[in-house]
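Engineer: Just need the structure, nothing else, for what follows:
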Amino acid sequence: MAGYMPFSKIDAWLRATRSMWIATVGPDQQPHLVPLWFYWDGRAIYFDTGVKTVKRRNLSNNDRVVAHVGNGDDPIIIVGRALQISDLDEIARVDLAFRAKYVDPNSGVSAGYPETDQDLAYRIDIDRIMAWEYGTVATRTDFLFDGVSWQGIAPQRI
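Structural biologist: Okay, here's the model as predicted:
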């Protein structure tokens, strides 16, 4: 494996984390950054958004995204394309995962995927994952999916 981190650590962080930040770009080339809930299935990231949101308008113009999980010392940076999904089996699978992951501790109410009938379902097809530890970019490890598993590769300049 190239790099310093095993992918199992990245996988565990993505499964345990409740929120991520996602950056999109508008037609005017202005960046837009928002936090959101997500589900990681080991290959892709799923999220939803309202039909009238800036994020939705941006994605309809440019599907390229950068997502960030963690903090500046232990980041996971995900680069890919956010594609709207309509496959009912895929949506149902992710809905079950969302309902298990996002349960209000006070009421017991679960969040669905998509959460309302005014929300659209998205999947981030990932081009690259970059991560490092302890605020030391020298520990950076990049990962690409080879169709079977995530492989560590030599980091590229960011």
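Engineer: Skipping its backbone neighbours, what lies nearest L36 in space?
Structural biologist: F47 (5.2 Å; CB to CB, 6 or more residues apart in numbering). Heads up, the C-betas are built off the backbone N, CA and C, glycines and all.
Engineer: Do I have it right that the one you found meets F38?
Structural biologist: Yes: the pair F47 and F38 passes the contact test of CB atoms under 8 Å, sitting 4.7 Å apart.
Engineer: Show me the helices in the chain, by range?
Structural biologist: Secondary structure of the chain by DSSP state H: the helices cover 7-16, 54-61, 88-101.
Engineer: and the ones you listed, which is most packed in?
Structural biologist: helix 54-61 (a mean of 18; mean count of other CB atoms under 10 Å).
Engineer: The residue nearest in space to the middle of the chain: what's it in contact with?
Structural biologist: Compute the mean C-alpha point of the chain, and by CA atoms, centre = their mean the closest residue is I45, 4.2 Å away. When contacts are counted by CB atoms under 8 Å, 6 or more residues apart in numbering, I45 is found next to 14, 20, 38-39, 67, 78, 80, 123-124, 126.
Engineer: now do E90
Structural biologist: The contact partners of E90, by CB under 8 Å, 6+ apart, come to R123.
Engineer: what does R64 give?
Structural biologist: 24-25, 80-82.
Engineer: neighbours around the residue nearest to L36, how many?
Structural biologist: With neighbours defined by other CB atoms under 10 Å, the count for F47 comes to 24.
Engineer: and it, bridged to which residues?
Structural biologist: When bridges are taken as DSSP bridges, the partners of F47 come out as Y122.
Engineer: For K9, which non-adjacent residue is closest in space?
Structural biologist: What sits nearest to K9 in space, not counting adjacent residues and going by CB to CB, 6+ apart, is A131, at 7.9 Å.
Engineer: thinking the one you found is in contact with D11, fair?
Structural biologist: No: using CB under 8 Å, A131 is not in contact with D11, being 10.8 Å away.
Engineer: which one of the contacts of R64 is nearest Y113?
Structural biologist: Nearest to Y113 out of the contacts of R64 is A82 (CB to CB; 14.4 Å).
Engineer: How much space separates that closest one from W21?
Structural biologist: For A82, the distance to W21 (CB to CB, to the nearest Å) stands at 13 Å.
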